[in-house]
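S.K.: let's see this in three dimensions:
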Amino acid sequence: MTHTFALNIPDAELTPEPLDPEQIVSGTPEVSGKVVWESADGRRIRGVWQITPGVVTDTEADEVFVVISGSATIEVEGGPTLHVGPGDMAVLREGDRTRWTVHETLRKAYAIDL
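M.R.: Next up is the predicted model:
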């Protein structure tokens, strides 16, 4: 992959990604994504991710993301509740335990550092 590129995020083709059934709290959410760049050591990842409506739990990596479309409420255990929608940027810390309530199919562009 090259370091220099442009991508139309709303039209990006995504690939289905398995969601651990134990993460699903309610609904039938489906996840898809596309890694558009990864560092040689695999510790920095940039991409696009999407989830359909439902409620899921997760343990986060060090991540910054911008919501392209859709909306969700993200409850951070022991921390704030984030309400995100188109144009919002959010930062999650490594180890954050979260509960995502996805109201409308959410698509985001992200940067993760492991």
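S.K.: tell me the SS of the spatially most central residue of the chain?
M.R.: Closest residue to the average C-alpha location of the chain: residue 49 at 5.1 Å, with CA atoms, centre = their mean. Assigned with DSSP: H, G, I helix; E, B strand; the rest coil, residue 49 falls in the strand class.
S.K.: what sits closest to it if chain neighbours are left out?
M.R.: residue 33 (4.3 Å; CB to CB, 6 or more residues apart in numbering). For the C-beta atoms, the positions are set from N, CA and C on the backbone; glycine is no exception.
S.K.: roughly how far does the residue nearest to the centre of the chain sit from residue 36?
M.R.: 11 Å (CB to CB, to the nearest Å).
S.K.: how about residue 78?
M.R.: 32 Å.
S.K.: neighbour count winner among those two?
M.R.: Neighbours were counted for residue 78 and for residue 36 using other CB atoms under 10 Å; residue 36 has more, 17 against 6.
S.K.: wouldn't the more buried one be in contact with residue 46 here?
M.R.: Yes - using CB atoms under 8 Å, residue 36 is in contact with residue 46, at 5.5 Å.
S.K.: tell me the helices and strands packed up against the biggest strand by length in the chain.
M.R.: Ordering each strand of the chain by length in residues (DSSP state E) puts strand 97-113 first. Strand 97-113 sits against strand 44-51, strand 54-59, strand 62-76, with contacts defined as 3 or more CB pairs under 8 Å, 6 or more residues apart in numbering; DSSP states H and E.
S.K.: and those as CSV, adding distance to residue 114 and mean pLDDT?
M.R.: Formatted as CSV, those follow (distance: least, CB to CB, whole Å; pLDDT from 0 to 100):
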stretch, distance to residue 114, mean pLDDT
strand 44-51, 7, 98
strand 54-59, 13, 98
strand 62-76, 7, 98
